[in-house]
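[1] Sequence first, then the predicted structure:
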Amino acid sequence: MTAIHDLIARQRDYFNSNATKDIRLRIAHLRQLRDLIARHEPELNRAIREDFGKSEFETFTTELSLIYHEIDLLITRLPRWSKAKRVGAGLLNFPAKSYIMPEPLGVTLVIGAWNYPIQLSLLPALTALAAGNTVMLKPSELPAHTANVLARLVNDHFAPEYFHVVQGDAQTTQELLEHHFDKIFFTGSIPVGRMVYQAAARHLTPVTLELGGKSPVFVMADCNIAVTARRIVWAKFLNAGQTCVAPDYLLVEKSIEERFIEALKAEAARYPQHPDTPADHYLQIINHRNFDRLVALIDPTKVCFGGVHDRQARFISPTLLRDVTFDDAVMHDEIFGPILPVLTFTSLDDAIARVKAQPKPLSCYIYSENKTTIRKILHEVSFGGGAVNESLMHLASSNLPFGGVGASGMGSYHGKAGFDTFTHYKSILQKPTFWEPNLKYAPYSLQKLRLIRMLLR
Ligand code: NAD
């Protein structure tokens, strides 16, 4: 028996003891986790800075604040969300009551990605705990310092049969996936997502897949050019472009191409252009493998801004490419780095058709002041979620379920959507025994059938 096998068996026993079903205990654990993170903020800040140069400002705004907000929301809403809800029982079952009982799924596995290593691991994990499950968490091994701190925080303060961090690489994940879980929540790339889905199918385990893809941005001639450029550049170069919902490429209406590229350049100039310029608002590339992959996507003949890179510092300056077509290498896969290709269009229908010919993206952004244009794009293009005249910020709202569609994933979380993701809704019909009409029992008769037809109408 392996250590992983033992851990899962312990979690299953613990879940079967019904201990996780106590709402007050769940709330107490959420408070404990919030307190733990708050007390260890300096350690987390240090670790993530060592991993890829992220500042305290961005660690708070893009990681910790989301976690605090989600925990606070769960603590206040949990009592209501976890109550059974009465629904109509229907005439056919009269007299009876019907209700829907939320129940936790059981032993869950959460697999995290590296680019926001704290929140992409802890947010789904704490939502699973809030919904009454036990959790095995496998954070990404790439930000090794952050993974170590996460493992220490969780494993030193929570019982392994309730919440446990398992560290390791792809092989560890594959070993985990051999086992039966009651739910798998995966954040990461499409190829690994496919493997997770296949492994889960062997046990008929439901999965949520939070994947990536090439998120397009429609920039219409009627947009507010200065604000649009500012919001896109911020969203693209945050985390050095290593964001699943970052604008991947721009589709700019041809008539404003020159003016818009100038506006983009002016905004991109706010970022460091050389590795020796320290900046709190710009990160390193996570590792050399990704650095090499990204540099290979920079076609020097198409660079109109930036393009500076330094392998040792794992630094790539904010880079704008122009005159890009769908045939360029940079348009084949999700970029996931600080390279922003600008494509142009004259016909919106053609631009929409090009986007629809690609796998469905995780996000899409529309910059326009024209309601008809906005409605047309929203109506015609399928994508996980997005924003109008903004980028990225939709994921910060706990009222908006966050997730992909098609190749960008399945299922969603954040707020109530997260609770639902880790919950089974059990439907119950409850009848008294004081009255036993003969209607459904043999012998059947035409008269009974007439009555049933009437009741079912
Ligand atoms: P990844 O798929 O390489 O890794 C994700 C997790 O899977 C890690 O924990 C890793 O250890 C594990 N893993 C990697 N290779 C594996 C293998 N062969 N077998 C089993 N497990 C394996 O993804 P990543 O590089 O960490 O993240 C980048 C990708 O994730 C991008 O495509 C990005 O768009 C996507 N992403 C999506 C979201 C979202 O919320 N939808 C958020 C962040 C990142």
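    Yep, it's here. Numbers count the residues shown, from 1 in each chain.
[2] any idea of the pLDDT on L455?
    Note on L455: pLDDT of 86.
[3] Return the residues in contact with the closest residue to the ligand within the chain.
    Ranking the residues of the chain by distance to the ligand (Cβ to the nearest ligand atom) places G212 first, at 2.1 Å. Just so you know, the C-beta spots here come from the backbone N, C-alpha and C atoms, and that holds for glycine as well. Counting by Cβ atoms under 8 Å, 6 or more residues apart in numbering, G212 touches S189, I190, C244, E334, F336, L362, S408.
[4] now swap in P95 and tell me
    Applying Cβ under 8 Å, 6+ apart to P95 gives the contacts K431, P432, W435.
[5] Now do the same for it: helix, strand or coil?
    coil (DSSP: H, G, I helix; E, B strand; the rest coil).
[6] Could you do the one 4 residues further on as well?
    With three-state DSSP as the basis, the three-state label of Y99 is strand.
[7] domains in the protein, as residue ranges please.
    The chain breaks down into these domains under automatic domain parsing: 2-211+409-425, 216-403.
[8] can I get these in a markdown table with mean pLDDT?
    Formatted as a markdown table, the domains of the chain follow (pLDDT from 0 to 100):
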| stretch | mean pLDDT |
| --- | --- |
| domain 2-211+409-425 | 97 |
| domain 216-403 | 97 |
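[9] picking up where we left off before, out of the contacts of P95, grab the one that's most surrounded.
    The residue in these with the most neighbours, by other Cβ atoms under 10 Å, is K431 (14 neighbours).
[10] mind listing what that one touches?
    Taking Cβ under 8 Å, 6+ apart as the test, what K431 contacts is N93, P95, A96.
[11] Recalculate using a threshold of 6 Å.
    Taking Cβ atoms under 6 Å, 6 or more residues apart in numbering as the contact definition, K431 lies against A96.
[12] element containing H29?
    helix 23-39 (DSSP states H and E).
[13] Buried residues, the helix or strand hosting H424. List them.
    For H424, the host element (DSSP H and E) is strand 423-430. Residues of strand 423-430 classed as buried by neighbour count (16 or more other Cβ atoms under 10 Å): T423.
[14] who's in contact with that strand?
    Counting by Cβ under 6 Å, 6+ apart, A96, K97, S98, Y99, I100, M101, P102, E103, L105, A131 sit against strand 423-430.
[15] need the residues of the protein near the ligand, please.
    111-115, 120, 138, 140-141, 169-170, 173-174, 187-189, 192, 195, 210-212, 244, 334, 336, 362, 404, 409 (Cβ under 6 Å from any ligand atom).
[16] Just the buried ones among the residues you listed, please.
    Neighbour counting by 16+ other Cβ under 10 Å classes 111-115, 120, 138, 140-141, 173, 187-189, 192, 195, 210-212, 244, 334, 336, 362, 404, 409 among those as buried.
[17] Inside helices: which ones of the residues you listed?
    Among those, the members falling in helices (DSSP state H) are L120, T173, V192, M195.
[18] Which one of those is nearest to V330?
    Set against V330, the nearest of those by Cβ to Cβ is V192 (22.0 Å).
[19] Render the CA-only coordinates of stretch 288-296 in CSV, please.
    Output of stretch 288-296 as CSV, limited to C-alpha atoms (Å, rounded to 0.1, in the frame of the first residue of the first chain):
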residue,chain,number,x,y,z
HIS,A,288,13.5,28.3,-18.8
ARG,A,289,11.3,25.9,-20.6
ASN,A,290,8.6,28.5,-20.9
PHE,A,291,11.1,31.2,-21.6
ASP,A,292,12.5,29.3,-24.6
ARG,A,293,9.0,28.5,-25.8
LEU,A,294,8.0,32.2,-25.6
VAL,A,295,11.1,33.6,-27.3
ALA,A,296,10.5,31.2,-30.2
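[20] would you list every one of the helices in the stretch 251-400 of the chain?
    In the stretch 251-400 of the chain, the segments counted as helices under DSSP state H, counting those that start in this stretch are 257-268, 288-297, 348-356, 371-380.
[21] buried sites along the longest one?
    Looking back up the chat, that one is helix 257-268. So, applying 16+ other Cβ under 10 Å, buried residues of helix 257-268: E257, F260, I261, A263, L264, K265, E267, A268.
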